[in-house]
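Chemist: Return atomic coordinates for the entry below.
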Amino acid sequence: MKLKYLVSIIALTSVSAFGASVTVTNNAGPVNTQSVVDNTGAAVDGGFAAIGSISDVSALNTLTSAGLDALFTVYDGATGAVNNAPFNGTYSISNNGSDITGTAWAGAPIYLVLGNGGDLASSTQGAVLRVGNFPGSEPAVQTVNVNNTAEVLLGSFDTFTLQPGPIPTQNAALALAPFVPEPSSSLLIGLAGLSLLIRRRR
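Modeler: Just a heads-up that it's a prediction; the model follows:
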């Protein structure tokens, strides 16, 4: 077999196995980084970030963190941390480059989910943004730099003081919103007792 044909076959094989690589980040430097802050304006350190799909976006404002976790499907291992390096409240998450053509992911909305805990279920505050669409075909390499033009479904864009020194610097930020609190066990026990009393009186 001629060498040029062998090279062509290898090239085609590598392209078809490449898949789609998607990176979502807010790390665009100290001026352009849309940092993640909690609802008091403090930069989030040790938070959770992921991209994927959400089965019912209409329910976001009434969900607990566990409820959002149940509706959210992570895309191909695309999870990471929100931390204070290299800038306050930054994240950069990438998937594993899986095949996307012919799957439900191709061309679907990219939802970015953020939380102030180590994972989504343990977070008390969070944000959800639609930051674009997954590639419709492969091979594809896509980087999404999240800024205040993204569609915010939970949370809000705000500003906070990135550099509180002699010359304070105001930095654009994405402020997390509190989740609906989980019902406490004592409240559930109280409600159960109340229902028993009502039944006895009847």
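
Chemist: what ranges do the strands span in the chain?
Modeler: In order along the chain, the chain carries the following strands (DSSP state E): 20-25, 35-37, 47-54, 72-82, 92-94, 109-115, 125-133, 140-145, 151-154, 156-163, 169-175, 177-178.

Chemist: Only the buried residues of the fourth one, if you could.
Modeler: Using 16 or more other CB atoms under 10 Å as the test for burial, strand 72-82 gives 72, 75-76, 78-82. For glycine as for every other residue, the C-beta is placed from the backbone atoms N, C-alpha and C.

Chemist: would you turn those residues into CSV with pLDDT?
Modeler: Output for the buried residues of strand 72-82, formatted as CSV (pLDDT from 0 to 100):
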residue, pLDDT
F72, 96
Y75, 96
D76, 95
A78, 97
T79, 97
G80, 96
A81, 97
V82, 96
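
Chemist: what's the farthest-apart pair in those residues?
Modeler: Greatest spatial distance among the buried residues of strand 72-82 (CB to CB): D76 and V82, at 19.6 Å.

Chemist: I'd like the distance between S92 and L60.
Modeler: With the distance defined as CB to CB, to the nearest Å, S92 ends up 24 Å from L60.

Chemist: who's more crowded, those two?
Modeler: Neighbour totals were compared for S92 and L60, and L60 leads with 21 against 16 (other CB atoms under 10 Å).

Chemist: Contact partners for the more buried one?
Modeler: Taking CB atoms under 8 Å, 6 or more residues apart in numbering as the criterion, L60 is in contact with 54, 68, 128, 153-154.

Chemist: In CSV, list the residues you listed along with pLDDT.
Modeler: Listed next are these as CSV, based on pLDDT from 0 to 100:
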residue, pLDDT
I54, 97
L68, 95
V128, 97
L153, 95
L154, 95
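
Chemist: Going through those residues, which ones are buried?
Modeler: For these, a neighbour count by 16+ other CB under 10 Å gives the buried set as 54, 68, 128, 153-154.

Chemist: Between those, which sits nearest T40?
Modeler: The shortest separation between T40 and any of the buried ones among the contacts of L60 is 17.0 Å, and it belongs to L154 (by CB to CB).

Chemist: in stretch 137-154, what counts as buried?
Modeler: By neighbour count on 16+ other CB under 10 Å, the buried set for stretch 137-154 is 138-140, 144-146, 150, 152-154.

Chemist: and these, which two are the farthest apart?
Modeler: Comparing every pair within the buried residues of stretch 137-154 by CB to CB identifies P139 and L154 as the most remote, at 32.6 Å.

Chemist: ok, for D76, nearest residue in space, not its chain neighbours?
Modeler: If you skip the residues right next to it in sequence, D76 has N95 as its closest partner in space, 3.9 Å away by CB to CB, 6 or more residues apart in numbering.

Chemist: For that neighbour, grab the count of nearby residues.
Modeler: The tally of other residues near N95 (other CB under 10 Å) stands at 24.

Chemist: Please apply the same query to Q170.
Modeler: Neighbourhood size, Q170 [other CB under 10 Å]: 10.
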